[in-house]
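coordinates for the following, if possible.
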Amino acid sequence: MPIIFTEGLKPDFPDNSFDSERESVKSIFTLLDGEDAYINPLEPGLSDLITTIDTIISTLEIDFNTAETERPTLEGFAVVPIDPNTGQVEVDPETGQDLSNLPEGWAAAGFVESDINTVVSSVNSYQTENQLIRTNLATLKTFITTADDTFKLHNDLLSGLREDSPPGVLKPNQRGLLGLVNSITSLENNFGIPFTNYLEKVFGTLFTGDVTIANAQALLNSNIPGSYTSLGVLSRVTEDPFEETPTDINNDINGLLSSPTFPSDVLVQRDNFQTHITDDTNEYNSIVDKLDRSIQAFGIAGYIKDPYYKFMYTDVFGSNELNDIITDLDNGDIT
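Predicted coordinates for the structure are as follows:
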């Protein structure tokens, strides 16, 4: 049968303890309870960077689709009509001239199918580069916006905006890092080791991440792609009279994406964000190692006070240097 809790039972609180906690502690609790205690100092720069990425991807997608729509027509202009019976170029029965799919203005200006193919080649190259840039920008965006094992997760944990990691991902959170730094700082002070600012090391991303964000933003700002759609490639090819050259059109297409290294440069920015994670993690692991050795020192110092355990250090696995310390301690030369 179910257990019935005795009605009216409650803890024996000390006299005058109700509502006695310091106002500062209660106020902090209220902030934590409402998830209003922390901010991400990198958020403004990250927000601007993400907006720029989205704008570029959107523009490139529109232009890619325009090129995709125009390309079959451009390719069709370069197809030479072949008579299936003779295997020869079809001939106009009235004029006796070879037939062509070329735009009239283009042909009248003296340009031929191979010239059209150079434009098609430029469009193909543009689409390939366009797609690669969009893919790499999406990769960068995912790394800084998706709360997986990425920069966003690392940033959120450091900032206190997130307490836990996804399943299978082991990362320290802000509270753990502060406790770790507090422990090693106190221990090193007691050991007579000069002060080291470990906060700046394990929270390094929050101190220097803005530089990485600014560098990524500067890269994108200096490589804003030109608009393929605004070039009006198909309209220019079919202009009659055709008063420019295929080279003019090709140069305009090829100039839309100014830097050939831009796609790889975008991935370099992703790697730069990863470097923050790596550096902070290395600092964290270094402190954990120091703290572990400090705890070991306390443990050994306790064991060597008991002859039973001390035997293992003096006669089994203790180094000469460790035994010198034990001898000095036994002789009262050190504390």
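
domain parsing for the chain?
Taking automatic domain parsing as the domain assignment, the ranges for the chain are 39-303, 304-335.

quick check: which of those is buried the most?
domain 39-303 (a mean of 15; mean count of other CB atoms under 10 Å). All C-beta spots, glycine's among them, are computed from the backbone N, C-alpha and C.

isn't residue 131 right up against residue 67?
No. Counting by CB atoms under 8 Å, residue 131 stays clear of residue 67, with 10.4 Å between them.

distance to residue 5 and mean pLDDT added to the domains of the chain, as CSV?
Listed next are the domains of the chain as CSV, based on distance: least, CB to CB, whole Å; pLDDT from 0 to 100:
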stretch, distance to residue 5, mean pLDDT
domain 39-303, 32, 93
domain 304-335, 48, 93
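
make CSV from those and add distance to residue 27 to it.
Converted to CSV, the domains of the chain look like this (distance: least, CB to CB, whole Å):
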stretch, distance to residue 27
domain 39-303, 16
domain 304-335, 44
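
nearest to residue 19, out of the ones you listed?
Residue 19 lies closest to domain 39-303 among the domains of the chain, at 26.3 Å (CB to CB).

correct me if wrong: residue 210 contacts residue 45.
Yes. Contact criterion CB under 8 Å: residue 210 and residue 45 qualify, at 5.5 Å.

any common contacting residues for those two?
Counting by CB atoms under 8 Å, 6 or more residues apart in numbering, residue 210 and residue 45 have no common neighbour.

from the chain's centre, how far out does stretch 246-258 sit?
The chain centre lies 32 Å from the centre of stretch 246-258; the measure is CA atoms, centre = their mean, to the nearest Å.

for it, list the C-alpha coordinates in PDB.
Presented in PDB, the C-alpha positions along stretch 246-258 are these (Å, rounded to 0.1, in the frame of the first residue of the first chain):
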ATOM      1  CA  PRO A 246      32.600  37.700 -76.700                       C
ATOM      2  CA  THR A 247      35.700  38.700 -74.700                       C
ATOM      3  CA  ASP A 248      33.800  41.600 -73.200                       C
ATOM      4  CA  ILE A 249      31.100  39.300 -71.900                       C
ATOM      5  CA  ASN A 250      33.600  36.700 -70.700                       C
ATOM      6  CA  ASN A 251      35.600  39.300 -68.800                       C
ATOM      7  CA  ASP A 252      32.500  40.500 -67.100                       C
ATOM      8  CA  ILE A 253      31.500  37.000 -66.000                       C
ATOM      9  CA  ASN A 254      35.000  36.000 -64.900                       C
ATOM     10  CA  GLY A 255      35.300  39.300 -62.900                       C
ATOM     11  CA  LEU A 256      32.200  38.500 -60.700                       C
ATOM     12  CA  LEU A 257      34.200  36.400 -58.300                       C
ATOM     13  CA  SER A 258      37.300  38.500 -57.800                       C
END
